[in-house]
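Trainee: here is the input, now give the coordinates:
(2 chains)
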Number of protein chains: 2
Amino acid sequence: MHLGIDIGGTKTDAVVVDAAGVVLARHRLPSGTGASAVIGAALEAGREACARAGVGPAAVTVGIGSPGTVADGVVSHALNLGIDRADVAGDFAAAWGTRPVVDNDVNAAALGAWTVHGDGAGSMAYLNLGTGLAAGIVLDGRLWRGARGGAGEIGHVSVDPAGPVGSDGLPGGLETYASGSGLALQWGVEGAAGPDIVAAAAAGDPRARQICDGAFFGLASSVRVLVLTLDVELVVIGGGMAAWGAPLLDGARSILDAWAATSPFLASLDLGARLRTMDLDVPIAAIGAAMLGGGRG
Amino acid sequence: MHLGIDIGGTKTDAVVVDAAGVVLARHRLPSGTGASAVIGAALEAGREACARAGVGPAAVTVGIGSPGTVADGVVSHALNLGIDRADVAGDFAAAWGTRPVVDNDVNAAALGAWTVHGDGAGSMAYLNLGTGLAAGIVLDGRLWRGARGGAGEIGHVSVDPAGPVGSDGLPGGLETYASGSGLALQWGVEGAAGPDIVAAAAAGDPRARQICDGAFFGLASSVRVLVLTLDVELVVIGGGMAAWGAPLLDGARSILDAWAATSPFLASLDLGARLRTMDLDVPIAAIGAAMLGGGRG
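Mentor: Next comes the predicted model:
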C-alpha cells in the first residue's frame, strides 16, 4: 500500500491508497508554518492515515507533494509555508524510518488526476489555476518533467503584447489572466480573490467584467497552447479557480468554439471536448503523491 | 544498415546510414509530381544510395519521410507533390520487397536533427520554418507524436489578438509570423519568398521591415512556447527560413534577451542559449527517416 501526503498552503492531506490509487483511508490537519511544524504535520497526518487503514508505517511506500521548488527531496521557496529551504525528505525519513519521494504539488496533482480522471487516456495535462498557473504533464502514463524540471510552466507564455502586465514585468502572460495572483494584480486590491471579482462583475462593474472575460481567454488560450504543443488527449483543470465551476468552463468553451468556427484546423482538434473539470473533493494531489512514492510517474 | 528517404517538395534525398546515423552513401534526384512519379523517384534514389553503399535492398531497413498527413503508411494532402492520397508504404513495398516505415517529414527531420545535433541532450524540439511552421518533438530520445499525431502544431498558437490574420482566419498565429506561407500572406504577393521581403526590408521598405521584425518575434515566441511547455534542452531550427542564418537568429535572440532582462523567470531559462541552427547541408530528414526505419523513434 502507498501513503501519499499533500502539503498544502493551509492543510496537509494524507491518504493511503491501493495499487490502483483507490483511497482506503484519509486524514487532514492544518499544515502549520515553518519547516519543523510543516514536517511534523506531515508525519502526524501520515501516521493517522496509516492507523485508519490498519497498516504500519513500515508497510507503506511514502510520497509527498509540496509547494515550492523541489530537488532531491529538498523544498525551497515555499513561501506560503514559511519555508525558505527545508530537507523534507531527510527530516521526514529521520522520524518515519523510510525515505519518501518528494515532488512538487502540481506534478503530484497531475499524476493523481490522471489516475482518477484519466479514463485510460495515455496523455493528459493537469492545468492548475491556483495562486499561479502551471501544468503538470502526463505522457504515456508517466510525468514529463522536462530537461530541467520546468515543463508545464506555461503561466509565462504571453498571448497578447498589449495584455495586462504580470508579476514578471511582461504583458499578456497566461498566469496574469487566469490565476489567483494574476486576478488580484489586475484588480489592484491586495488579497482580493476570484470570488470578489466575480461578485463585482455580476454586480455590473465593467472592469471586473473585463477581468473575468480575460480569465476565460486565459483558460482557452492555455488549452490551445497545451493541445497544439503536446496533443494531450485531456486537459483537466484544478486549483482554486476551478471552483468557479460551470461559468469558467462555459466562458472558456465559448471562446474555443468561436476559434473553431473560424479555423477548420482548430475545429478538427476538438479543444472544447478535451477540457474537463473534476470532482474537487477528490484528493488528487495526495493520491498522486502516493503513486509517486509507489514508483509510478 | 538503414536506408532513409526524404521525399521533399522538389528533391528526393536518400541516404544509407550506420546504427549511429553516420551517412555512408547519399543520392538525390527530382521528386516529380503525382503518386507514381514520386514513389518511382523514391525507389530509384533508394536503389542508387544502396548501390553506392555496396549493400543490397534486402540488407537494409527502410524509412521514408513525406510531406502531408501520414497514417499507416498512407500519405494524404501532399499538395506540393500532387498527391491527394497515396499508399506510399504499400506501393513502395510491392517494388522493393520489404515494407518501409513512413512518417511525416517534420518528425523525420526532428529525429535526424536529434541524431546529428542532439549532443547527447535527452530532449529537443526541431522547429521547422518551411512553407508552414511546426515542431517535431524528441523526449527521452524518442519522438512524441501526441494522442492523435498532432503534437508540435504550434503554428496555430496565437501570440497577439491584434496580429496579422493567417490562412486559418485567426490573428497572430506563429505560422503567420514565421513561415514561407505566412510571410507571403502578409506581403500580399503570391509566390513571394522570404528573400524578396528581406531584400525589400534592407532597401528601406517600412512594411517589409515590420514583417521581418514579426518573423523575429514569431521565432522568439515559438521558442518561448516550446521551452515553457516542454522544457526541451534544445530548440533546433530548420526549413527554408533557416537559410536566413545569423540575421534571423540575432533578431530572435535580441527579443529573447529583452524578455530575459525584464523577467527573472525567463532569464533563468536561458531561452537564447537553447536556440540553435544547424548545418543545412546535412540531410537530417533522410537520416531521421533511416533511424525511424531502424526502429528508433
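
Trainee: can you show me the helices along chain A?
Mentor: Here chain A has its helices, by DSSP state H, at A:35-53, A:88-96, A:105-117, A:174-177, A:180-187, A:194-202, A:206-230, A:246-262, A:264-268, A:271-274, A:284-293.

Trainee: comparing those, which comes out most buried?
Mentor: Of all the helices of chain A, helix A:284-293 has the most neighbours on average by mean count of other Cβ atoms under 10 Å in any protein chain shown, namely a mean of 31. No exception for glycine: its C-beta is placed from N, CA and C like everyone else's.

Trainee: what are the C-alpha coordinates of that one, in PDB please?
Mentor: Taking Å, rounded to 0.1, in the frame of the first residue of the first chain, the C-alpha atoms of helix A:284-293 are listed here in PDB:
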ATOM      1  CA  ILE A 284      -5.800  14.100  -6.300                       C
ATOM      2  CA  ALA A 285      -2.600  15.700  -5.100                       C
ATOM      3  CA  ALA A 286      -2.400  13.200  -2.200                       C
ATOM      4  CA  ILE A 287      -3.300  10.300  -4.400                       C
ATOM      5  CA  GLY A 288      -0.700  11.400  -6.900                       C
ATOM      6  CA  ALA A 289       1.900  11.700  -4.200                       C
ATOM      7  CA  ALA A 290       1.100   8.100  -3.100                       C
ATOM      8  CA  MET A 291       1.500   6.900  -6.700                       C
ATOM      9  CA  LEU A 292       4.900   8.700  -6.900                       C
ATOM     10  CA  GLY A 293       6.000   7.000  -3.700                       C
END
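
Trainee: tell me the mean pLDDT over it?
Mentor: Regarding helix A:284-293, the rounded mean pLDDT is 96.

Trainee: now do stretch A:98-110
Mentor: Mean predicted confidence for stretch A:98-110 is 95.

Trainee: report the contact partners of A:E233.
Mentor: Residues in contact with A:E233 (Cβ atoms under 8 Å, 6 or more residues apart in numbering or on different chains) are A:121-124, A:274, B:147-148.

Trainee: pull out the buried residues from those residues.
Mentor: A:121-124, A:274, B:147 (16 or more other Cβ atoms under 10 Å in any protein chain shown).

Trainee: just give the closest residue to the residue of the stretch 51-200 of chain A found nearest chain B, not the sequence neighbours.
Mentor: Closest to chain B within the stretch 51-200 of chain A is A:G146: 2.4 Å, counting by Cβ to the nearest Cβ. Leaving aside its sequence neighbours, A:G146 sits nearest to B:D231 (Cβ to Cβ, 6 or more residues apart in numbering or on different chains; 2.4 Å).

Trainee: against A:L129, how distant is that neighbour?
Mentor: 20 Å (Cβ to Cβ, to the nearest Å).

Trainee: which one's more surrounded, these two?
Mentor: Using other Cβ atoms under 10 Å in any protein chain shown as the criterion, B:D231 and A:L129 rank with A:L129 on top: 30 against 22.

Trainee: what bridges to that one?
Mentor: Beta-bridge partners for A:L129, by DSSP bridges, are A:L133.

Trainee: and it, what does it touch?
Mentor: Counting by Cβ under 8 Å, 6+ apart, A:L129 has contacts A:178-180, A:219, A:237-242.

Trainee: and if we set it to 6 Å?
Mentor: Shown in contact with A:L129 (Cβ atoms under 6 Å, 6 or more residues apart in numbering or on different chains): A:178-179, A:237, A:239, A:241-242.

Trainee: which residues does the closest residue to A:D119 other than its chain neighbours contact?
Mentor: Leaving out its chain neighbours, the residue that sits closest to A:D119 by Cβ to Cβ, 6+ apart is A:L234, at 7.5 Å. For A:L234, the contacting residues are A:121, A:124, A:274, A:276, by Cβ under 6 Å, 6+ apart.

Trainee: and for A:G132?
Mentor: Taking Cβ under 6 Å, 6+ apart as the test, what A:G132 contacts is A:155, A:175, A:179.

Trainee: that older thread, any idea how far the residue nearest to A:G146 is from A:L185?
Mentor: For B:D231, the distance to A:L185 - Cβ to Cβ - is 25 Å.

Trainee: what does A:W114 give?
Mentor: A:W114 is 31 Å from A:L185, by Cβ to Cβ.

Trainee: so what pLDDT did the nearest residue to A:G294 once chain neighbours are set aside get?
Mentor: Leaving out its chain neighbours, the residue that sits closest to A:G294 by Cβ to Cβ, 6+ apart is A:H2, at 4.1 Å. Note for A:H2: predicted pLDDT of 97.

Trainee: touching, A:H2 and A:V17? I think so.
Mentor: Yes - using Cβ atoms under 6 Å, A:H2 is in contact with A:V17, at 5.3 Å.

Trainee: with neighbour numbers in mind, choose between these two.
Mentor: A:V17 (30 against 23).

Trainee: please name the bridge partners of that one.
Mentor: Under the criterion used (DSSP bridges), A:V17 bridges to A:H2, A:V23.

Trainee: wait, what's in contact with A:G122?
Mentor: By Cβ under 6 Å, 6+ apart, the contact list for A:G122 reads A:D140.

Trainee: ok, 8 Å please
Mentor: Counted by Cβ under 8 Å, 6+ apart, A:G122 has contacts A:139-141, A:233, B:147.

Trainee: cool, A:Q186 as well?
Mentor: By Cβ under 8 Å, 6+ apart, A:Q186 lies in contact with A:164, A:176, A:211, A:214.

Trainee: just checking, the first one touches A:G172?
Mentor: Yes - between A:P164 and A:G172 a contact is recorded at 7.1 Å, counting by Cβ atoms under 8 Å.

Trainee: who touches both of the two?
Mentor: With Cβ under 8 Å, 6+ apart, A:P164 and A:G172 have no common neighbours.

Trainee: the more surrounded of those two?
Mentor: Shown here are A:P164 and A:G172; by other Cβ under 10 Å, A:G172 has more neighbours (23 against 18).
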